[in-house]
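**Q** coords please:
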Amino acid sequence: MMRNWLLSLLVIFLVLLILPWQQNIQTKGKVTTIDPSDRPQTIQATIPGRIEKWYVREGQLVEKGDTIVYMSESKVEYFDPNLVDRTDQQVEAKENSIVTYEQKAGALADQIEAMRQELKLKREQLEAKVKQSELKIVSQEAEVVQAQVAYDIAKRQERRIDTLFQQGIKSRTDLEDKQRKLQESQAKLVSAENKLQESEQALRVAKLDLNNVVNEFNNKIAKAQSDRFSTLSDRFTAEGDLQKMRIQAESYERRRDFNYIVAPQDCYITQVEARYR
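**A** Prediction:
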């Protein structure tokens, strides 16, 4: 009996030597997790504000995206409850103003092209008038030369008849006839010279009209181009302002979402504490 009992103790002792064992001790400390996201976290507010309402209690289980607290604005510039809508309206108004600038610039471009076409037409008309006056002057200069030749011939004939009349060879009737022809040729010469002067004056007027029309249309075109460039400059400025306003509107939209603090993940609310800055 004693032998069996000793053998049993020996077997138990050997089994205890072979089995794994773990040493336990008692101490003080804090239990944590390997994953940092599973550790207690403090939820910070993105914007400064005043807490208006709590939606959770301590120890409550919340899911990701659940609202924890609602905060109202503390800055005066964000007090307007319709701030985002008003900013969107300003963005829309600025977009419409850009469209208006584009339409005005397009209208001015069409106006400039129309004035150029009109200038081309008027220039062609006045240049044709100038050419016509020049040709008329050439023709009248020939008439003056012809009238001058006729006058010189009539004058020589009148002198010759007058000499013969003084010698008694020609009658007074012949002399008076030559004097009449001399007067007629002189009158034709004066008339041709007057017409030539009138044509020369008309030519000067036509050239002046041509210069005036060209200068007038060039000034109009220059002013329209200046207005168009100014409109395009206003459009580019408006586009820059529009981008700023869009960024501002997006910022207001995001800021409005920051009034609600939501759970970043599924978790328990361990402690509700508001810290004011």
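**Q** can you list the weak-confidence ranges in the stretch 51-200 of the chain?
**A** Per-residue confidence for the stretch 51-200 of the chain (pLDDT under 70) gives these ranges: 76, 78-79.
**Q** got the phi/psi numbers for residue 61?
**A** In this entry, residue 61 is assigned phi and psi values of phi -90, psi 130 (degrees, to the nearest 10).
**Q** so that it lines up with my notes, have the first residue be 7 from now on.
**A** Okay, using 7 as the starting number, the last item reads as residue 67.
**Q** return the set of residues that bridge with it.
**A** Listed by DSSP bridges, the beta-bridge partners for residue 67 are residue 274.
**Q** need the next SSE after the strand or helix carrying residue 258, C-terminal direction.
**A** Here residue 258 is covered by helix 178-263, with elements defined by DSSP states H and E. Next along the chain after helix 178-263, taking DSSP H and E as the criterion, comes strand 266-268.
**Q** now do that next one: which elements does it pack against?
**A** strand 73-79 (3 or more Cβ pairs under 8 Å, 6 or more residues apart in numbering; DSSP states H and E). C-beta here means a position set from N, CA and C on the backbone, and glycine is covered the same way.
**Q** ok so, going back, now do the helix holding residue 258 against strand 73-79, angle only.
**A** Angle, helix 178-263 to strand 73-79, by axes from the mean of the first three to the mean of the last three Cα atoms, to 10 degrees: 130 degrees.
**Q** distance from helix 178-263 to the middle of the chain?
**A** 29 Å (Cα atoms, centre = their mean, to the nearest Å).
**Q** and for residue 203, the neighbour number?
**A** 13 (other Cβ atoms under 10 Å).
**Q** how near is it to residue 144?
**A** In this structure, residue 203 lies at 15 Å from residue 144, with Cβ to Cβ, to the nearest Å as the measure.
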